[in-house]
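Engineer: Mind folding the following:
(one chain, ligands or ions: 2)
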Amino acid sequence: MASNVVENGIIVSASEQDATLADRNTFATRVAGKGADPEKKALFASVTKRIDYTPKFGTELHGINLTKLTEQQSEELAALIAERGVVFFRDQDDLNNDEHVKLGRRWGPLHIHPLVPHNQNNPEIIVLDSRVSPPTRFNTNDSWHSDVSFEPAPASFSILKFEDIPESGGDTIWSNGYELYDDLSPAFKTFLEGLTAIHSSDIFKTLTAFTGRKTFGKLNDSEHPVVRTNPVTGWKSIYSNPVFTREIVGVTPSESKAILDYLADIVAKKLQYQVRFSWQKNSVAIWDNRSTFHTGVPDFRPYHRRGIRVTVSGEKPYFDANSGSQAKAWEATSNAIIAKQEAAERLKAEAQANTSAKTA
Ligand SMILES: O=C(O)CCC(=O)C(=O)O
Ligand SMILES: [Fe+2]
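Structural biologist: Ligands and ions are numbered 1, 2, ... in the order given. Reported below is the predicted structural model:
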């Protein structure tokens with residue numbers, strides 16, 4: 001039996017034995033975060049500072065040690081990630097490999113990646129080391145994706161930590177699938193809601209040839225709905241990405257290409273639905289792959305970076321016609337914010353009027 005090829009503690013090529021490790025039909029048996037306290041009081045009791053990157057998308061939390069969450073806090077965090085799309089943490093020095101795996105397992109079974117190099121002692125940890133896997137033409141500015149969407153049980157959450165960061169460059173960008181859906185015209189929403197698409201891991205065959213690495217286990221293809229309901233929030237999101245989605249089912253090849261190109265285009269180009277994160281050593285990002293897309297920015301050469309990722313397998317993707325939307329859920333919050341701003345403006349105007357009356 002061929003043995004693994006190991007470089008710096010990273011398995012860069014699988015043995016046959018490891019190749020059989022990957023059972024990627026492992027679905028989550030419960031929806032982590034579903035039914036958590038909507039106010040997330042237990043989690044926010046430990047938060048010292050909250051920074052929302054945009055009103056609806058991306059939040060950085062300070063005061064949380066990811067190795068010290070109670071059960072209730074970890075459920076509330078799962079719900080917050082589903083709502084905010086991506087949540088960032090700084091200084092998670094305590095999140096070593098074992099803790100990283102432990103955190104992922106709280107939310108579901110862990111995925112074993114078919115190609116990306118694994119940690120020698122734990123195949124569920126993948127190592128993104130730009131010296132081992134330098135950014136290539138397969139991993140450049142059109143690398144927007146949702147993690148392992150080709151699996152029957154694609155990722156719910158991904159937990160990524162960077163241990164080595166470049167002196168400059170190397171940010172990651174996320175795009176909000178809820179808002180991309182909400183932004184479509186009613187007619188186009190209805191059209192997309194009836195469609196499914198084939199997601200494929202064929203890119204890893206190409207990369208195998210390119211890198212000389214062997215893949216782990218079976219390379220899956222899966223058919224998923226183009227509009228997906230997030231099981232935690234109940235909101236609809238676009239679920240098609242340029243890296244793994246190959247074909248829209250039931251339309252002609254040129255129609256399929258036009259639809260996929262349009263969806264890829266809005267994921268990459270609608271800046272108002274994106275957030276960008278600058279990593280520091282031991283920063284962690286956790287995102288919900290069911291309703292977001294992301295891409296690394298390969299702009300950091302000659303520096304390098306090294307990240308560690310654990311990927312949680314989710315449920316079988318589904319579309320529920322009765323599900324809600326982020327836009328609808330936001331109406332009340334948005335109106336309350338507007339009312340508060342208007343009240344503040346009125347008070348300011350009254351105060352000014354009083355001052356001018358006194359000085360007149
Ligand atoms: O390189 C990056 O910044 C993102 C890597 C990525 O896609 C992932 O960890 O899922
Ligand atoms: Fe990714």
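Engineer: Ramachandran angles for the residue of the chain found nearest ligand 1?
Structural biologist: Relative to ligand 1, the nearest point of the chain is residue 296 (2.4 Å; Cβ to the nearest ligand atom). Every C-beta, even on glycine, is put in place using the N, C-alpha and C of the backbone. Backbone geometry at residue 296, expressed as degrees, to the nearest 10, gives phi -80, psi 160.
Engineer: Apart from its chain neighbours, what residue comes closest to it?
Structural biologist: Using Cβ to Cβ, 6 or more residues apart in numbering and skipping residues adjacent in sequence, the residue nearest residue 296 is residue 172, 5.3 Å away.
Engineer: Tell me the bridge partners for that neighbour.
Structural biologist: Taking DSSP bridges as the rule, residue 172 bridges to residue 277, residue 296.
Engineer: Surely residue 327 is within a helix?
Structural biologist: Yes: judged by DSSP: H, G, I helix; E, B strand; the rest coil, residue 327 forms part of a helix.
Engineer: Kindly provide the distance from it to residue 232.
Structural biologist: Here the criterion is Cβ to Cβ, to the nearest Å. By it, residue 327 lies 17 Å from residue 232.
Engineer: Pick out whichever of the two has more residues nearby.
Structural biologist: Per other Cβ atoms under 10 Å, whichever of residue 327 and residue 232 has more neighbours is residue 232, with 23 against 16.
Engineer: Surely the more buried one touches residue 31?
Structural biologist: Yes: shown here, residue 232 and residue 31 form a contact pair, counting by Cβ atoms under 8 Å, at 6.0 Å.
Engineer: Show me which residues of the chain sit near ligand 1.
Structural biologist: By Cβ under 6 Å from any ligand atom, the residues of the chain that approach ligand 1 are 128, 147, 158, 160, 172, 294, 296, 309.
Engineer: could you dump the residues you listed to TSV with distance to residue 10 and secondary structure?
Structural biologist: Listed next are those as TSV, based on distance: Cβ to Cβ, whole Å; DSSP: H, G, I helix; E, B strand; the rest coil:
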residue	distance to residue 10	secondary structure
128	10	strand
147	19	coil
158	18	strand
160	16	strand
172	20	strand
294	22	strand
296	18	strand
309	13	strand
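Engineer: Quick check: PyMOL command selecting the buried ones in those.
Structural biologist: Restricted to buried positions by 16 or more other Cβ atoms under 10 Å, the PyMOL selection for these reads:
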select buried, resi 128+147+158+160+172+294+296+309
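Engineer: Take the residues of the chain next to ligand 1 and lay them out in JSON lines including pLDDT.
Structural biologist: Formatted as JSON lines, the residues of the chain next to ligand 1 follow (pLDDT from 0 to 100):
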{"residue": "128", "pLDDT": "89"}
{"residue": "147", "pLDDT": "96"}
{"residue": "158", "pLDDT": "98"}
{"residue": "160", "pLDDT": "98"}
{"residue": "172", "pLDDT": "96"}
{"residue": "294", "pLDDT": "97"}
{"residue": "296", "pLDDT": "93"}
{"residue": "309", "pLDDT": "96"}
